[in-house]
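J.: dropping the sequence and predicted coords here.
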Amino acid sequence: MNAQQEQNLRNVARALRESPRPDMFHMGLYGHPCGTPACALGHYAARPDLNGGRLVLAENEEPLRPRWIPRGEMTLTDRLGYIATYCDWIVQYEFGLSGSEAHALFNGHDGCGGAKTATEAADYIEAFIARKRATR
């Protein structure tokens with residue numbers, strides 16, 4: 001993880017701490033159909049001021065939506081509009097993570113240590129960064 005990738009990950013924690021609706025936090029969704037971010041990545045993708053527009057929280061539309069994501073659901077896309085998942089190469093590159101690290105941080109079942117709140121997720125990400133720095 002280089003300095004920019006570390007800052008990107010810090011920006012995920014910042015987006016979570018500045019959540020417009022922390023009561024809507026949920027690691028199982030990128031965002032709610034109303035456009036409110038839900039998971040850690042959804043919060044980051046909803047903040048182009050923090051991510052430079054590289055990841056976007058957007059409503060799924062034809063023809064890019066895969067069959068398993070219902071129309072109207074919020075999804076994560078790259079700046080070209082291609083669907084991205086929590087462990088895709090673009091996410092791994094954005095934060096300097098391995099596939100297993102991306103899974104541990106961002107999966108919808110127990111990502112961010114099973115965080116139930118935006119604050120718990122931010123705390124987990126900040127602790128992850130500290131552990132990663134300690135092993136450099």
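T.: Happy to help now that I have it.

J.: quick one: the helices in this structure?
T.: Using DSSP state H, the helices of the chain run over residues 3-17, 40-45, 48-51, 89-95, 99-106, 111-114, 118-134.

J.: looking at those helices, which one is packed in the most?
T.: Of all the helices of the chain, helix 40-45 carries the top mean neighbour count, a mean of 29, counting by mean count of other C-beta atoms under 10 Å. C-beta coordinates here come from the backbone N, C-alpha and C atoms, glycine included.

J.: which helices and strands does it pack with?
T.: On a contact count with 3 or more C-beta pairs under 8 Å, 6 or more residues apart in numbering; DSSP states H and E, helix 40-45 meets helix 3-17, helix 48-51, strand 55-59, strand 74-78, helix 99-106, helix 118-134.

J.: hmm, who's touching that helix?
T.: With C-beta atoms under 8 Å, 6 or more residues apart in numbering as the contact definition, helix 40-45 has outside contacts at 8, 11-12, 15-16, 19, 27, 29-31, 37, 50-51, 55-57, 74, 76, 86, 91, 105-106, 111-112, 115, 118, 121, 125.

J.: go with 6 Å
T.: Helix 40-45 has contacts (C-beta atoms under 6 Å, 6 or more residues apart in numbering) with 12, 15-16, 30-31, 37, 51, 55-57, 76, 86, 106, 112, 121.

J.: and for stretch 29-39?
T.: Stretch 29-39 is touched from outside by 21, 24, 26, 27, 42, 43, 46, 57, 72, 74, 75, 76, with contacts defined as C-beta under 6 Å, 6+ apart.
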